[in-house]
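> A predicted structure for the sequence below; I have some questions about it.
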Amino acid sequence: MPLAVIPAPEFDLALSLNCGQVFHWVARGAGWLGMIGDQACYVEQRGAELLVTPGTEEVVRGYLALDHPLGEIVGTFPRDASMDAARAACTGMRVIRQPMWECVATFITSAQKAVPHIAQISHTLRRRYGRAVTWEGETLHAYPEAAVLAKLDEAALRACALGYRAKNLLRTARMVAEGEVDLQRVAEMGDDEAREELCRLAGVGVKVANCALLFAYERLAMVPIDVWIARILREWYGKKRATPEGLRKFAAKYFGRYAGYAQQYLFHHARMMKGRFGRGKR
DNA sequence: CTCCAGGTTCCGG
DNA sequence: CCGGAACATGGA
């Protein structure tokens, strides 16, 4: 079946899908196959255009944040050696607009996990508990709804290799399913109030809350401080012994209006450089 | 075998 | 308020 074409200037599809924001896209032919919410989508990049499953044009455009003014955004990043290197290495990376529940839940399962493990957990949860959708004879699965996970028990989730995170995901699924925390309503709150509200969820601390705010709530100034960003700020920005909160405030101020975007560029660049960097030798 | 991974939570000083 | 430890699992 013929694919639809949408313009996508200043964009690198493979980079954006594989830089640690989303974890379920798989390579198919010359492109990528994945779910956007409950819709199966194939996306292929050809120069400054994307070829997509017909009917998914608007969904893809929104998910991949093709409306973000990327040139302006990277222009607000500070000019220093590390940021310049990350900006050059990550040309075309966009911060994707994720569904709220999927994002919150996925980052709960991401605690102390390597990126490939997070992907494995996501696929297992989807395959076992997500709504099945057929795409050209292939079966894909949406991320399982909170109400579905809420009916499971901890053992069922532990069987998905969640480890101690199983209890957190289960409790959070129940809180969301019962309306104790309304993810939609969080969207109307200011940054600080929204972060506090998300932190009421089990397994959601400041870092995961900031991931959700950045990746699902359009708060492009939020900076999740994970082990990589902490290392970057300590070793490249001289913040030898600052607390996580101190790092967060420095980053928010230094990296500017789109600090979350800058953080994602630094995060991915540092990960690609591992070996030259980190590895804890003092 | 040891170390570490997009942390959170609980506990003692 | 702060530093440490526990918490599961799998790949390097």
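That came through, no problem. Residues are numbered from 1 along each chain as shown, chains lettered A, B, ... in the order given.
> Return the nearest residue of chain A with respect to DNA strand B.
A:Gly205 (2.6 Å; C-beta to the nearest atom of the strand). Any C-beta I mention is one placed from the backbone N, CA and C, and that applies to glycine too.
> which residues sit against the helix or strand harbouring A:Gly34?
Assigned by DSSP states H and E, A:Gly34 belongs to strand A:31-36. Contact with strand A:31-36 is made by A:13-14, A:17, A:22, A:24-27, A:40-45, A:51, A:56, A:59-60, A:63, A:126, A:133, A:135, A:138, A:140-143, as judged by C-beta atoms under 8 Å, 6 or more residues apart in numbering.
> can you tell me which of the residues you listed are up against DNA strand B?
Restricting those to those touching DNA strand B (C-beta under 7 Å from any atom of the strand) yields no residues.
> Now the buried members of the residues you listed.
A:13, A:17, A:22, A:24-25, A:40-45, A:51, A:56, A:60, A:63, A:126, A:135, A:140-143 (16 or more other C-beta atoms under 10 Å).
> re the thing from before, okay, the helix or strand that the strand holding A:Gly34 is followed by in CSV with CA atoms only?
Sequence order places strand A:39-46 as the next helix or strand after strand A:31-36, per DSSP H and E. Extracted C-alpha coordinates of strand A:39-46, given in CSV (Å, rounded to 0.1, in the frame of the first residue of the first chain):
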residue,chain,number,x,y,z
GLN,A,39,-2.4,3.2,16.6
ALA,A,40,0.1,1.1,14.7
CYS,A,41,2.5,3.3,12.6
TYR,A,42,5.2,2.7,10.1
VAL,A,43,7.6,5.6,9.6
GLU,A,44,10.4,5.9,7.2
GLN,A,45,12.7,8.9,6.6
ARG,A,46,13.7,10.0,3.2
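> nearest spatial neighbour of the most centrally placed residue in chain A, skipping sequence neighbours?
With distances taken as C-alpha atoms, centre = their mean, A:Gln21 lies nearest the centre of chain A, 2.7 Å away. Closest residue to A:Gln21 apart from its sequence neighbours, by C-beta to C-beta, 6 or more residues apart in numbering: A:Ile96 at 5.1 Å.
> now swap in A:Met272 and tell me
That would be A:Ala89: by C-beta to C-beta, 6+ apart, it lies 6.8 Å from A:Met272.
> isn't that neighbour right next to A:His269, touching?
Yes - using C-beta atoms under 8 Å, A:Ala89 is in contact with A:His269, at 4.8 Å.
> Please work out the average pLDDT along the strand holding A:Gly34.
Confidence for strand A:31-36, expressed as mean pLDDT, is 98.
> Mind listing the strands that strand pairs with, and their directions?
strand A:26-28 (antiparallel), strand A:39-46 (antiparallel) (DSSP bridges).
> Turn the ones you listed into TSV, columns for mean pLDDT.
Shown next, in TSV, are these (pLDDT from 0 to 100):
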stretch	mean pLDDT
strand A:26-28	97
strand A:39-46	98
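> okay, those in a markdown table with distance to A:Arg185 next?
Shown next, in a markdown table, are the strands paired with strand A:31-36 (distance: least, C-beta to C-beta, whole Å):
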| stretch | distance to A:Arg185 |
| --- | --- |
| strand A:26-28 | 34 |
| strand A:39-46 | 24 |
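> could these go into a markdown table alongside distance to DNA strand C?
Converted to a markdown table, these look like this (distance: least, C-beta to the nearest atom of the strand, whole Å):
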| stretch | distance to DNA strand C |
| --- | --- |
| strand A:26-28 | 16 |
| strand A:39-46 | 26 |
